[in-house]
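>>> Give the three-dimensional model of this entry:
(one chain, ligands or ions: 1)
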Amino acid sequence: MTSENNDNIGLIIVAAGSGKRAGGEIPKQYQNLAGIPVLKHTLNALLPYFPSKNIRVVINEDHREHYEAISSGLNLPEPVSGGATRQESVFNGLSAFETAALNETNLPDYVLIHDAARPFVNKEIIAGITERLHKGAKGVIPAIQIVDTLKYAEDGIINHTVPRDNLYKVQTPQGFVFKELLEAHKNEVNFEHTDDAAVMEANNWQMMLSKGHENNFKITTSDDFKKAEHMIMNRLSDIRVGSGFDVHRFEAGDTVTLCGIDIPFSQKLMGHSDADVGMHALTDAILSAIAAGDIGTHFPPSDEKWKGAPSETFLRHASNLVTERGGMISHAGITLICEAPKIGPHKDAMRARIADILNIDIDRVSVQATTTEKLGFTGRGEGIAAQASATVRLP
Ligand code: MG
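Sure thing, here's the model as predicted:
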């Protein structure tokens, strides 16, 4: 299955919830999971199977900034503003397709609705749904049969045992014939349903089950985050360590830029770009870990284009190469070697800056400083050296 196969299928990703049961300041879909926001994991899992023009992500406008950061470079259509309830958010997503369509023939034939907080959706689950839709089903819902014994209880006291024979827990994505789902949503505007299958059921459409997967769980609690992180780490079992080294000499000036932080000083560092020796060493360390050449391979000093370029451009590029390979940077360590300026007061700002560029937690970034006891070129104050290491995990 490729994205071409699904050219007539729309995909709505519902990311408008304010889900804070997992803890944290921002909704769970924007929180980092193994260094990458949950929603980004979910997009990465789905993008290979759907043309990006067919995707609508429904967001809460309050979180647009988080969304823009995640979706930059993915070439997705404008996100859709969510509603007060999940149902309303899906309806807004469906309406966005309707608005975009010049006439009915441009509407997708089918639509899949997926929760942003289910990053482990896979090809088999999607195929199980789309195959049944193509065979004429009006709606297909991935489900798992309940195997645990079920009890009905009130105030901690069991009232009775519930027969579990025909009971299923359902997941997303849920797939539907587009027109029928849109119609059903219009009819149910004044009634609340917890999933789209229920909206269709209320309109007497027959819904069909397909095979769900235990891994396709919805991240809700902080325990779910731990479980999800464990699953991702298990998958990223190819662990690489890369190293990098760089030197820049001083020249007349008044500021040095180290690890993205401007420090007032009696000189500046001479170099082709902003001469951020720390970021250069780290960029090389990341490129080394994935054996992708060095900073000069990607940004030749002979190319005028990079003259004065901020070094974060280089670091972001190296980080993107890791992401493109489905990997993560699990640690970045930089040692700055100089007599002056003093690094200590700026260390945490440097760590925060690097963590921000790499989109990883700050506790995965270390900045250290040392002198060479007045020995050698750094000891004589002729320049600054930096060495770095990066640990990268690849699938
Ligand atoms: Mg350099």
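
>>> rest of the way, CA atoms for contacts and neighbours
OK.

>>> in this protein, which ranges drop under the pLDDT threshold?
Low-confidence regions of the chain, defined here as pLDDT under 70, cover residues 19-24, 102-105.

>>> And the helices in it?
Counting by DSSP state H, residue ranges of the helices within the chain are 38-46, 64-71, 86-100, 123-134, 178-187, 196-201, 222-235, 277-289, 295-298, 312-324, 347-358, 376-379.

>>> tell me what the first one is packed against?
So the one you mean is helix 38-46. In this structure, helix 38-46 packs against helix 64-71, with contacts taken as 3 or more C-alpha pairs under 8 Å, 6 or more residues apart in numbering; DSSP states H and E.

>>> Okay, buried residues for the helix it packs on please.
Under the neighbour-count criterion of 16 or more other C-alpha atoms under 10 Å, helix 64-71 has 66, 67, 70, 71 buried.

>>> outside of it, which residues touch it?
The list of residues contacting helix 64-71 from outside it, by C-alpha atoms under 8 Å, 6 or more residues apart in numbering, reads 30, 37, 39, 40, 59.

>>> Report the separation between residue 85 and residue 106.
27 Å (C-alpha to C-alpha, to the nearest Å).

>>> repeat for residue 117
Here residue 117 is placed at a distance of 29 Å from residue 106 (C-alpha to C-alpha).

>>> go on, residue 385?
Here the distance between residue 385 and residue 106 works out to 58 Å (C-alpha to C-alpha).

>>> between these two, which one's more packed in?
When neighbours are counted by other C-alpha atoms under 10 Å, residue 385 and residue 106 differ, and residue 385 comes out ahead with 20 against 12.

>>> which ones are touching that one?
Applying C-alpha under 8 Å, 6+ apart, we find residue 385 in contact with 245, 246, 247, 248, 277, 278, 336, 337, 338, 378.

>>> again, only this time at 10 Å
For residue 385, the set of contacting residues under the criterion of C-alpha atoms under 10 Å, 6 or more residues apart in numbering consists of 245-249, 277-278, 281, 335-338, 371, 377-378.

>>> Is it bridged to anything, and to what?
With beta bridges defined as DSSP bridges, residue 385 has these partners: residue 247, residue 337.

>>> Could you give me the buried positions within stretch 323-334?
Counting neighbours by 16+ other C-alpha under 10 Å, the buried set in stretch 323-334 is 323, 327, 328, 329, 330, 331, 332, 333, 334.

>>> how about the nearest residue to residue 58, chain neighbours excluded?
With sequence-adjacent residues excluded and distances taken as C-alpha to C-alpha, 6 or more residues apart in numbering, residue 58 is closest to residue 80, at 4.5 Å.

>>> One more: residue 195?
With sequence-adjacent residues excluded and distances taken as C-alpha to C-alpha, 6+ apart, residue 195 is closest to residue 87, at 7.2 Å.

>>> Tally up the residues packed near that neighbour, please.
By the other C-alpha under 10 Å criterion, the neighbourhood of residue 87 contains 22 residues.

>>> The one 10 residues further on now?
Each residue near residue 97 was counted by other C-alpha under 10 Å, and the total is 22.

>>> Could you check how far the nearest residue to it once chain neighbours are set aside is from residue 101?
Leaving out its chain neighbours, the residue that sits closest to residue 97 by C-alpha to C-alpha, 6+ apart is residue 107, at 6.6 Å. Per C-alpha to C-alpha, residue 107 is found 6 Å from residue 101.
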